[in-house]
Each structure stands twice: as C-alpha cells, then as structure tokens.
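# I'd like to go over a predicted model; first the sequence, then the structure.
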Amino acid sequence: MKQPPRNHHFELEILRVLWTRGPPRCGKCTDAVNEKKAMGYTTVLKLLQIMTTKGTVRRNDNQRAHVYESCLPRGADNANWPAHASARIEGSASQLMMHALAGSKASNEEIDELRRLLD
C-alpha cells in the first residue's frame, strides 16, 4: 500500500480541522486553524490547493464555495512521524526518545508502557 505523503505541520493542522469538523468552507477552516496558528484565508486556501494536488484532500466542486474534505483517514499522518523524526536526528531511536521525553514529564503509565515496549 502506498504511504500518504508526509505533511507540513500547517497542512497537518488543516487535516485536523477537516477530521474533527467535517468538510467546512475555506473561511471556516481558516477560523479553526487560527485557534492554534495564525494563518490568513489565502494561505489556507493555497495550502488546500497544494494538498489537493498531493491527493490528501479533495474539493467539492458541486458547491460554489471552496469546500474541502480529507482523503486520508484520521491520524494517517501519525504513522509516518517516528521514522521521519528519527531521520531528522540521524536515525537514532534512542536520541528520538530522549528528545521526546525531554520536552515534558512522562506519566508513570507512559514510563511503564515504554518499559514494556523496550522489553
């Protein structure tokens, strides 16, 4: 099965909006994205057009407004991030884990789960 193309973090924010709020018009999508990241309408529209070319979203041509929906199942991009992140830090899984854990305190449950995975 062909893997979905890796998405830029702004594109992932747009996908999250599409996954959680359904296929909104571009203006509503812009409003939702702006709750987390400041982006203008034309920027969101351009990203949606790029994502259409990539095949990650599709435009509903039956409506006059710019309405887009995701072509990927929710969370599809999450499957690719560990390999991508590991490659960005020279392929070291241990460096990836140390970097991830340095950003915030892991709960006891998360530490137990990591120990189970390592065993």
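Okay, I see it.
# break this structure into its domains for me.
Here the domain assignment for the chain is 9-70, 80-118, based on automatic domain parsing.
# export these to CSV and tack on mean neighbour count and mean pLDDT?
No exception for glycine: its C-beta is placed from N, CA and C like everyone else's. Compiled in CSV, those are given as follows (neighbours: other C-beta atoms under 10 Å; pLDDT from 0 to 100):
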stretch, mean neighbour count, mean pLDDT
domain 9-70, 16, 84
domain 80-118, 11, 69
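# work out the gap between stretch 64-75 and the centre of the chain.
The gap between where stretch 64-75 is centred and where its chain is centred comes out at 13 Å by C-alpha atoms, centre = their mean, to the nearest Å.
# also stretch 57-66?
When distances are taken as C-alpha atoms, centre = their mean, stretch 57-66 is centred 21 Å away from the chain's centroid.
# same question, stretch 36-44
Here the centre of stretch 36-44 is set off from its chain's centre by 15 Å, with C-alpha atoms, centre = their mean.
# got it, and stretch 35-53?
In this view, stretch 35-53 has its centroid 13 Å away from the chain centroid, taken as C-alpha atoms, centre = their mean.
# contacts for that stretch?
Surrounding stretch 35-53, the residues in contact under the criterion C-beta atoms under 8 Å, 6 or more residues apart in numbering are 7-8, 10-11, 13-15, 26-27, 29-30, 33, 57-59, 66, 68.
# apply 6 Å and report the result again.
Taking C-beta atoms under 6 Å, 6 or more residues apart in numbering as the criterion, the residues outside stretch 35-53 that touch it are 11, 13-14, 26, 29-30, 33, 57, 59, 68.
# how about residue 70: what's its closest non-neighbour residue?
If the residues on either side of it in the chain are set aside, residue 70 comes closest to residue 18, at 4.2 Å by C-beta to C-beta, 6 or more residues apart in numbering.
# those strands in this protein, which residues are they?
Counting by DSSP state E, the chain has these strands, from start to end: 57-59, 68-70.
# okay, these in a markdown table with distance to residue 41 next?
Below are the strands of the chain laid out as a markdown table (distance: least, C-beta to C-beta, whole Å):
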| stretch | distance to residue 41 |
| --- | --- |
| strand 57-59 | 15 |
| strand 68-70 | 13 |
